[in-house]
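Trainee: need coordinates for the below:
(2 chains)
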Amino acid sequence: AQTVTQSQPEMSVQEAETVTLSCTYDTSESNYYLFWYKQPPSRQMILVIRQEAYKQQNATENRFSVNFQKAAKSFSLKISDSQLGDTAMYFCALIIQGAQKLVFGQGTRLTINP
Amino acid sequence: GAGVSQSPSNKVTEKGKDVELRCDPISGHTALYWYRQRLGQGLEFLIYFQGNSAPDKSGLPSDRFSAERTGESVSTLTIQRTQQEDSAVYLCASSPPGVLGGNEQFFGPGTRLTVL
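Mentor: Coordinates of the predicted model:
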């Protein structure tokens, strides 16, 4: 079975600062994908960034980047130059290639303060 | 529509009543998923459809829960004899054909179910 753990229930930073959200996971599979989803108060889950486990290069999307450490089974999200609109719940998720279901962590509530 | 839609947005029901939740996936998306999100929690997988067949029902919490899908379009999640522990947001997602497990799942806004 796969598990995803987010150890930071809440985080708060000032606008324009950099913040890193932690995620660790456990799986015995070698081919899988990792995701960070954002869920604002509207409840809409929005994909932030995606990482294929077979790729060594860390994924980046504008102000969002990941630090993927496969051996340590760690997948942290870094948000640079944080903006008020980044305020949301952030979920780390894992899916095994060939499987159907995303396995989610418990989430981190991120607040960006003006 | 442009995205996954779900109805109703909110549903309040009395314990013991049946409820039906609807999901309209993105046109052309062959895979459809239902998840449950309890207050302050992550998402729990309920069921997955490929076309109108459901090869994975492993997440359905009890026999009070069932789901069906018409072709590669609308899906309904039915909860019979609702209990207070069924209160949650029910999220639907769809994904296009491709590498299973590798495609992004596009989520709808969810239905918030409250059982009194």
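Trainee: how much space between the residue most central in space within chain A and B:Thr114?
Mentor: Nearest residue to the geometric centre of chain A (C-alpha atoms, centre = their mean): A:Trp36, 3.2 Å. The spacing between A:Trp36 and B:Thr114, counted by C-beta to C-beta, to the nearest Å, is 29 Å. To be clear about C-beta, it is placed using only N, CA and C from the backbone, and glycine gets the same treatment.
Trainee: so which residues on chain B come close to chain A?
Mentor: Counting by C-beta under 8 Å from any C-beta of the partner chain, the residues of chain B close to chain A are B:31, B:33, B:35, B:40-45, B:48, B:50, B:55-56, B:59, B:89, B:91, B:93, B:99-102, B:104-110, B:112.
Trainee: before we move on, the earlier item: give me the beta-bridge partners of the residue nearest to the centre of chain A?
Mentor: Residues in a beta bridge with A:Trp36, per DSSP bridges, are A:Ile49, A:Cys92.
Trainee: from B:Gln37, how far off is it?
Mentor: A:Trp36 sits at a distance of 16 Å from B:Gln37 (criterion: C-beta to C-beta).
Trainee: do the same with B:Phe107
Mentor: Per C-beta to C-beta, B:Phe107 is found 10 Å from B:Gln37.
Trainee: any idea which helix or strand comes after the helix or strand bottoming out on mean pLDDT in chain B?
Mentor: When the helices and strands of chain B are scored by mean pLDDT, DSSP states H and E, strand B:53-56 comes last with a mean of 79. Using DSSP states H and E, the helix or strand that follows strand B:53-56 towards the C-terminus is strand B:65-69.
Trainee: just checking: what are the partner strands of that next one?
Mentor: Here strand B:65-69 is paired, per DSSP bridges, with strand B:75-79 (antiparallel).
Trainee: so what's the closest residue to B:Gln105 other than its chain neighbours up against?
Mentor: In this structure, B:Gln105 finds its nearest non-sequential neighbour in B:Ala93, 4.0 Å apart by C-beta to C-beta, 6 or more residues apart in numbering or on different chains. By C-beta atoms under 8 Å, 6 or more residues apart in numbering or on different chains, the contact list for B:Ala93 reads A:45, B:4, B:32-33, B:35, B:105-108.
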